[in-house]
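Colleague: Whatever this is, show me its structure:
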Amino acid sequence: MNAAAQTLVMGILNVTPDSFADGGRHFSIDDAIAHANQMIAEGVDIIDIGGESTRPGAQRVTPEEEAQRVIPVLEEVVNLGIPISVDTTRAHLAEQAIARGAQYINDVSGGLADLQMARVIAERGVKYIAMHWRAHSAEMMNHAEYEDVVSDVKGELQSRVDSLQELGVLPEQLIIDPGIGFSKEAAHNWELLRGLDQLAELGFPILVGASRKRFLGEHLKPEEREDASIAVTSFCAAQGVWAVRTHSVRAHKAAIAQVAKLKVN
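Modeller: Predicted coordinates for the structure are as follows:
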């Protein structure tokens, strides 16, 4: 990992009624824009707009519903002057989002959920975040079995990026995500965080999305996991990850700035 570069904060903008941490809070266009402006004021580097919950057990929404949630918000937020990511597994929505100014596509399936995704990314040339994934949310926890979670995730991510490149996606477009919480038990998530240096051997920037997830405090409400989330962000910053995906911005930016002061140039 590039220890010289300061870790970025990707702020989550969920336009869904059922996301685990903030479902419904930013569901209207006005609320979504207000939250985007708040994140910008707090120094967010990228805003990630998502219209389909990927929490464990979540059911899929139709492509039409996902687009109706995302596109109107994207069309407003893209004018705020901050890089925009769209969180989707659907190639058609990715194509619409890119046409409207999205610079990143954040695909939790790494292209496995929609085999047209690689073509869209290759043709449009945007940055593409490929997450480690084994199944959709409704059944993903049935696939949380590993011989060695770090080695297994590393191998499966290697297979994904190889396949994407064979389909025309350039190496410089690719960012990888170990998929914290996706087909992972709590112990697996901690092992993956401890093994970030091994995942970095794949040679791609790494995004970590651990914010407020259950493994940080199973008996706590999501907002009560914020302190633990900031601690994980600090660890990731010390490891030199490319970005962390978070529900809040200011405290994570502050933590990253303090870690940067501790690094030896």
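
Colleague: okay, CA-based contacts and neighbour counts for the rest of this
Modeller: Will do.

Colleague: List the buried residues of the helix ranked longest in the chain.
Modeller: Scanning the chain for the helix with the most residues, using DSSP state H, yields helix 149-166. Judged by neighbour count (16 or more other CA atoms under 10 Å), helix 149-166 contains these buried residues: 149-150, 153-154, 156-158, 160-161, 164.

Colleague: contact partners of the following helix or strand past it?
Modeller: Per DSSP states H and E, helix 149-166 leads on to strand 174-177 as the next helix or strand towards the C-terminus. For strand 174-177, the surrounding residues in contact (CA atoms under 8 Å, 6 or more residues apart in numbering) are 127-132, 157, 161, 204-209.

Colleague: Also stretch 247-256?
Modeller: Stretch 247-256 is contacted from outside by 6-9, 11-13, 21, 39, 42-44, 211-212, 230, 233-234, 237, 246, using CA under 8 Å, 6+ apart.

Colleague: Return the subset of the residues you listed lying in helices.
Modeller: Taking DSSP H, the ones among those that sit in helices are 39, 230, 233-234, 237.

Colleague: Please tell me which one of the residues you listed counts the most neighbours.
Modeller: With neighbours set by other CA atoms under 10 Å, the maximum within the ones in helices among the contacts of stretch 247-256 is found at Thr233, which has 29 neighbours.

Colleague: which residue ranges form the helices in the stretch 51-200 of the chain?
Modeller: Chain-ordered helices for the stretch 51-200 of the chain, with DSSP state H, counting those that start in this stretch as the definition, fall at 63-77, 91-99, 117-124, 149-166, 186-194, 196-199.

Colleague: The fourth one to helix 186-194, inter-axis angle?
Modeller: Right, the one you point to is helix 149-166. If you take axes from the mean of the first three to the mean of the last three CA atoms, to 10 degrees, helix 149-166 sits at 70 degrees to helix 186-194.

Colleague: what does the first one give?
Modeller: Regarding helix 63-77 and helix 186-194, their directions subtend 40 degrees when assessed with the same axes, to 10 degrees.
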